[in-house]
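Colleague: How does the following fold in three dimensions:
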Amino acid sequence: MQTVWLLIVSSTALYVIRLYVEFRRNVKAIGDCPGYRILLLGPGFLARFLPQIPVSRGRMNIWRSRGRMNLWRSKHKDFEYFGSDIYSVVDIWPKSTCQFRVADPSAIKEITSSRTRFPKPVEAYRVLNFYGDNIIATEGDEWKKHRKVANPAFSERNNRMVWDETVKIVNDMFQNAWRDQKEVVVDHCVDVTLTLALLVIGTAGFGRSISWESDLQIPPGHQMSFKEALHIVSNGMFWKLIVPEWAMEFTQRLRNIKLAFSELQLYMQDMIDERKNAEKKVERYDLFSSLLDASDEESDGFAKLSDSELRGNIFIFMLAGHETTAHTLCFCFALLALYQDEQETLSKHIDSVLTGGRAPTYEDMGTLTYSMAVFYETLRLFPPVNGIPKKCEEDTTLATTTTTGEKLLVALPKGSSISLHIPGLHYNPKYWKDPYEFKPKRFLEDYNRDAFLPFSSGARSCMGRRFFETEGIAILTSIIQKYKIEVKDEPQFANETFDERRERVLACKNGLTLTDFPGYRTVLTGFGFLVAFLPQIPGISQGRMNLWRSKHKGDGFAILELLWSLKRRGLRKDFEYFGSDIYSVVNIWPKSTYQFRVADPSAIKEITSSRTRFPKPVEAYRILKFYGENIIVTEGDEWKRHRKVANPAFSERNNRMVWEETVKIVNDMFQNAWCDQKEVVVDHCVDVTLTLALLVIGTAGFGRSISWESDLQIPPGHQMSFKEALHIVSIGMFWKLILPGWAMGFTQRLRTINLAFSELQLYMQNMIDERKNAEKKVERYDLFSSLLDASEEESDGFAKLSDSELRGNIFIFMLAGHETTAHTLCFCFALLALYQEEQEILFQHINSVLAGGRAPTYEDMSALTYSMAVFYETLRLFPPVTGIPKKCEEDTTVATTTTTGEKLLVAIPKGSSISLHIPGLHYNPRYWKDPHEFKPKRFLEDYNRDAFLPFSSGARSCMGRRFFETEGIAILTSIVQKYKIEVKEEPQFANETFDERRERLLECKLGVTLTPIRVPLVFKRRA
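Modeller: Next comes the predicted model:
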């Protein structure tokens, strides 16, 4: 075994050394070219999910993951930072490589015009061979063969057909889809442009006329119509590209996409066979027919294309044209809606060309110069492709200039990869004045044509450029001629500024062609069973307790950030790192999802007050249905019914009972458990607080008086006492939550927990039956009895709760109250033991309210302001729940501010999940001065109540808040009145500093709620 381990270690060491040697060789080979030096891979699939991780800065920005969408995000800023229009990227893993990013038009022209030195890396495009080899995925003689056949297909006749069919399709939309309405409202413009582009590619690309109305006809031998197959393929392209074939059966959506690809292949083969076997040749000018015609005869020594190559090429032209056109037009209409003066200029120009309101013809295209200028400016601002890859086949050099105007010769080693950085080029201020502004007129003046590269350049430039421009100009002109475009007014954005509106409307994401919002990109989801056992692994997992660990702060962490298990490591900044109080998390597995984490009180208020847009994801709480449906796991009318019944149960009478029973239980502890000793030593304070909370929930929750002494009485039909069942259920909750039912028999401990849950259910049913069948109704104010009373009659059309729903709700209130109270009080006593001056202030305050040492009454609660302040400050520092989940039911935006105070509008797509990040909110320095310090007095002063969220907010805020506060203040006041609390002295910690002691005492883990690990205290009776 030792030999095996030695072999593994040696092999790993050799692998690491080899990587490092290759890395150093690559760095040396590129000489003094500035750039990024990356530990983890730069371009690639995994890099899409890595955050941007800077470690050190300088001329060589070292050890960094560039993160997802780095080309679009940086635009020209990286070039400005490194001081030239070429910079380098060298990474180590999985294989050390050099890449050069280029935003110099002269250098790009040299690269694209020299295909021998800088060929296209066709191996990177093999994934596009769905239907066969094609012009994109070939090089050399093979590429020449494909280009020779494809070139004649993009003819003047085809372009004319594109224009005529596009105008016809747009007019069909006006009449049959929009019904010539005066006003058409769309929630997302891309729904219109994608359909338009789909219909054009169907007609001008495949020669199949498709209407705006549904095409339900499915020919024999097919399982879906041509329109449906084409639609699903166009929308499902991204998944087909990234998901392996064997995984395309995992979900219904993936199965539909797989079927659509098969169906489209079958349709294309049918069309090939039909046209090949036709007795009489029909003159057609669609792209597919033109490709067939051009391929029919061998020419210049090149063989005609095979059926699979024909399918491969027409698919590539569809892929290149459909989404590109749709997204460019969507951005175009958005910009015109924002810039009304530019839209008016365009409208007048169109009217001047198309006099009398006549329809645009293909002959007009050359004179519609402002339409082309608007289209080009949109492509400059939003290039469909961010990076065009090339590779270097020999040791060579490229000339560029520095930002100071000096010439710079960059050495490119053989084997290097090159990325033509399109956003860097299009936003380069050397060639574009005010590059971030929308100014179409620049394309009517002299401009550097080499600095505009949406179609690439050289021999491998886009063959379909004229098809794309013809379709785009025809759609843009036809719509602007007939309709004025405005941004849809929505109440939630009534007060936004122009900049906020522009940011919202132009927010974009990366698909096949283009968005990003800062945040984490991880392989594993941020929540879930597996992640609960993982450390933080950048790009892979955020790790266990990630919300608590990150809070709102980062590197240079305060002592409270040492509370988790990786306390010796510097922590990420999260909100401060990403520069705003909202950031995103996108993961791959087990299902790719978006999540937005929010620590902005205004945004949280908007989210919690809008239950239609941001409902609670009740499906995530289904595991809490141990005993039946309850208020936590329901939504809509069902939730209203539960809340209607539960509301009266949390009454003033119940709160008074909670206080009186709590004080009675604490005094019982002093006399019968602590036996009025002068000093009580506990190894873990939570043993005291859990028992206190258990007895209170037994009495005030279930109406069953339980003493501190052991309750050994087991009623007939039961296998354990009520106290024992309640105790085991309360401490075994975590295992019941995470383990499936069949696994609860594996160990004796799990079998006992399972039995306790069954026993508690039986006890609750006994209580229901007993109170329902009682001849004389007894007035009771405990929570269970109050729920029963409130449920007895139907009201406002809501039916009463069933027995299982009654059990379900009382259990949820116990779950929500028992552990929350116990752990909050434990943290509270720990903080008071550490901060003796705060404990003394609290004691003096209690004495001033409870003159003469009298027992506290319910009427005293409002006067015990410092008790409440201490309790609230504990909840701020240690919120029981670190994240409150919501989901987004529609495409929307939420406003926040950056760390520099600028307003930021965050686009949240429909289906995203949202987490109200409670530690991020409670430790946000904008709302809490010295947020990591224990300062109860802050709650006696003015504070932002929206920035304090231990009970959630809005309609779904915690119903039991008053119950919880009443119990907590009664226990805290009663104990501090009689006992001074100190940290237990232990020999092994004799020389620890205050910070070390604080770290040890306040260390916590994640259970059902935030859980203290070990809090050893001494309670000394006051004189």
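
Colleague: count of residues packed around residue 142?
Modeller: By the measure other C-beta atoms under 10 Å, the count of residues near residue 142 is 15. For the C-beta atoms, the positions are set from N, CA and C on the backbone; glycine is no exception.

Colleague: Same check on residue 255?
Modeller: What residue 255 shows, counting by other C-beta under 10 Å, is a neighbour count of 12.

Colleague: what's the answer for residue 941, then?
Modeller: 8.

Colleague: From residue 865, how far off is it?
Modeller: 11 Å (C-beta to C-beta, to the nearest Å).

Colleague: what do you get for residue 256?
Modeller: Distance from residue 256 to residue 865, by C-beta to C-beta: 61 Å.

Colleague: Kindly state the pLDDT recorded for the residue most central in space within the chain?
Modeller: Nearest residue to the geometric centre of the chain (C-alpha atoms, centre = their mean): residue 595, 2.2 Å. Residue 595 carries a pLDDT value of 83.

Colleague: three-state assignment of it?
Modeller: Recorded secondary structure, residue 595: strand (DSSP: H, G, I helix; E, B strand; the rest coil).

Colleague: Where does pLDDT dip in the stretch 501-650 of the chain?
Modeller: Low-confidence regions of the stretch 501-650 of the chain, defined by pLDDT under 70, span residues 509-573, 587-592.

Colleague: list the contacts for residue 893?
Modeller: 492-493, 504, 507, 905-908 (C-beta atoms under 8 Å, 6 or more residues apart in numbering).

Colleague: change it to 10 Å
Modeller: By C-beta atoms under 10 Å, 6 or more residues apart in numbering, the residues touching residue 893 are 490, 492-493, 496, 500-501, 503-505, 507, 904-908.

Colleague: List the beta-bridge partners for it.
Modeller: residue 907 (DSSP bridges).

Colleague: when you give positions from now on, start the count at 126
Modeller: Yep, numbering from 126; the last one is residue 1018 now.

Colleague: what's the distance between it and residue 1027?
Modeller: 15 Å.

Colleague: cool, residue 1064 as well?
Modeller: Counting by C-beta to C-beta - residue 1064 and residue 1027 are separated by 30 Å.

Colleague: Looking at the two, which is more packed in?
Modeller: residue 1064 (18 against 11).

Colleague: can I assume that one is in contact with residue 995?
Modeller: Yes: applying C-beta atoms under 10 Å as the test, residue 1064 and residue 995 come out as touching, 8.5 Å apart.

Colleague: Show me the shaky parts of the stretch 326-475 of the chain.
Modeller: In the stretch 326-475 of the chain, residues with pLDDT under 70: 335-341, 403-410, 419-428, 443-446.

Colleague: switch to 90 and redo it
Modeller: Scanning the stretch 326-475 of the chain with the threshold set as pLDDT under 90 gives 326-383, 385-452.

Colleague: As a check, name the ranges of all helices in it.
Modeller: Listed in chain order, the helices of the stretch 326-475 of the chain (DSSP state H, counting those that start in this stretch) span 351-367, 377-402, 412-420, 432-463, 465-478.

Colleague: export the ones you listed to JSON lines and tack on distance to residue 294?
Modeller: Converted to JSON lines, these look like this (distance: least, C-beta to C-beta, whole Å):
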{"stretch": "helix 351-367", "distance to residue 294": "13"}
{"stretch": "helix 377-402", "distance to residue 294": "20"}
{"stretch": "helix 412-420", "distance to residue 294": "16"}
{"stretch": "helix 432-463", "distance to residue 294": "12"}
{"stretch": "helix 465-478", "distance to residue 294": "18"}
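
Colleague: and of the ones you listed, who's closest to residue 579?
Modeller: Closest approach to residue 579 among the helices of the stretch 326-475 of the chain is made by helix 432-463 (8.5 Å; C-beta to C-beta).

Colleague: looking at the helices of the stretch 326-475 of the chain, which is closest to residue 937?
Modeller: Nearest of the helices of the stretch 326-475 of the chain to residue 937, taken as C-beta to C-beta: helix 377-402 at 33.2 Å.

Colleague: and the angle for that closest one with helix 351-367?
Modeller: For helix 377-402 against helix 351-367, the angle by axes from the mean of the first three to the mean of the last three C-alpha atoms, to 10 degrees is 120 degrees.

Colleague: that's a strand at residue 284, yeah?
Modeller: No: Residue 284 is assigned helix when assessed by three-state DSSP, not a strand.

Colleague: Would you mark the buried spots in stretch 1013-1030?
Modeller: 1013, 1017-1022, 1029-1030 (16 or more other C-beta atoms under 10 Å).

Colleague: Export those to a markdown table and append columns for pLDDT and distance to residue 798.
Modeller: Formatted as a markdown table, the buried residues of stretch 1013-1030 follow (pLDDT from 0 to 100; distance: C-beta to C-beta, whole Å):
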| residue | pLDDT | distance to residue 798 |
| --- | --- | --- |
| 1013 | 90 | 50 |
| 1017 | 85 | 54 |
| 1018 | 85 | 56 |
| 1019 | 88 | 50 |
| 1020 | 87 | 53 |
| 1021 | 88 | 50 |
| 1022 | 83 | 51 |
| 1029 | 80 | 55 |
| 1030 | 81 | 57 |
